[in-house]
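*Asks:* turn this into a model:
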Amino acid sequence: MGFPGTWMTQSNSVAYRVIPKCACSTIGQIMYYSDHGEFFDGDVHDATSGIHKWGIEESKQNIIDRMRAQDTYTFTCVRNPYTRILSSFFDKICGIQRNGNYYRGNMVPKLIAQYGIENTGDFDQIKSFRRFLLFARDTIRFRRPMDPDIHWSSTSGHASTLIVNGGRYNKIITTENFKEGMKDVMKNVDAKHELDIDTMPRFNESEGHGPKRAHPVADYFDDLSIHLVYEIYKRDFDMFGYDWQDPSRKEPIKEIDLDMVHAVLGD
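*Replies:* Residues are numbered from 1 along each chain as shown. Got it, this is the predicted structure:
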């Protein structure tokens with residue numbers, strides 16, 4: 001399998017396992033800047049040079065060597081499952097993507113028809129999101145009507161591939177404490193160019209794709225929705241310390257135990 005979703009600076013100073021909807025655009029830009037002294041001009045996901053990526057054939061062997069040697073500082077970033085699945089809904093289901101089309105072509109019209117989701121105009125965001133949640137659960141638990149998408153697949157599932165294939169995380173940070181986490185990461189990186197995390201721009205390439213969230217996070221989750229989210233993301237809550245019983249509680253309630261993460265996700 002190798003190391004899908006892994007990015008690394010060209011200087012081999014730091015490696016990062018991408019987890020969608022968890023500040024990956026900003027992290028990629030920080031890595032790019034640390035090598036080049038400037039941000040990538042555009043969406044860093046589109047970069048095909050200036051940074052190593054598993055998706056770039058010429059980068060693969062270098063990533064394999066560094067991950068299996070475990071001699072490059074390696075980290076990832078996770079997010080509260082409630083805000084992550086909500087963000088996926090507004091971006092990927094309600095939003096028009098950069099190419100001017102719905103995400104994944106006919107997927108959105110198909111699930112709108114099958115699940116009764118509305119996504120345009122003055123629609124009921126809460127009702128439509130809860131129907132989307134059923135769709136996401138069906139893809140993850142039953143792989144129907146399609147395989148799960150990377151944007152709502154579990155964060156622990158993404159993170160596990162690096163461990164299973166011989167890598168090890170030095171740090172796992174959270175989007176909720178992003179600046180502090182990235183500062184800690186960069187303290188351990190021999191960067192060619194220093195970057196002030198506090199004053200740097202925020203890169204959110206999905207911002208503006210879809211409608212603004214009209215309600216507080218907790219309003220989207222009734223009792224059934226809470227149990228659906230826990231059913232889908234139980235391992236994420238357990239691994240990364242989030243409170244599954246309270247959707248309004250954004251930040252984790254306990255520290256991430258790296259040894260436990262490696263033991264459980266590497267099994």
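*Asks:* which stretch of helix or strand covers the closest residue in space to Pro145 that isn't next to it in sequence?
*Replies:* Once flanking residues are discounted, Pro145 sits nearest to Gln114: 6.4 Å by C-beta to C-beta, 6 or more residues apart in numbering. All C-beta spots, glycine's among them, are computed from the backbone N, C-alpha and C. Assigned by DSSP states H and E, Gln114 belongs to helix 107-115.
*Asks:* next secondary structure element downstream of that helix?
*Replies:* Next along the chain after helix 107-115, taking DSSP H and E as the criterion, comes helix 125-137.
*Asks:* tell me the spacing between the residue nearest to Pro145 and Val185.
*Replies:* According to C-beta to C-beta, to the nearest Å, Gln114 and Val185 sit 42 Å apart.
*Asks:* got it, and Phe178?
*Replies:* In this view, Phe178 and Val185 are 10 Å apart by C-beta to C-beta.
*Asks:* one step back: hey, C-alpha coordinates of the helix holding Gln114 in CSV?
*Replies:* Output of helix 107-115 as CSV, limited to C-alpha atoms (Å, rounded to 0.1, in the frame of the first residue of the first chain):
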residue,chain,number,x,y,z
MET,A,107,-22.7,11.9,-7.0
VAL,A,108,-24.5,14.9,-5.5
PRO,A,109,-27.6,14.8,-7.8
LYS,A,110,-27.8,11.0,-7.2
LEU,A,111,-27.8,11.3,-3.4
ILE,A,112,-30.2,14.3,-3.6
ALA,A,113,-32.6,12.0,-5.4
GLN,A,114,-32.1,8.9,-3.1
TYR,A,115,-32.0,10.7,0.3
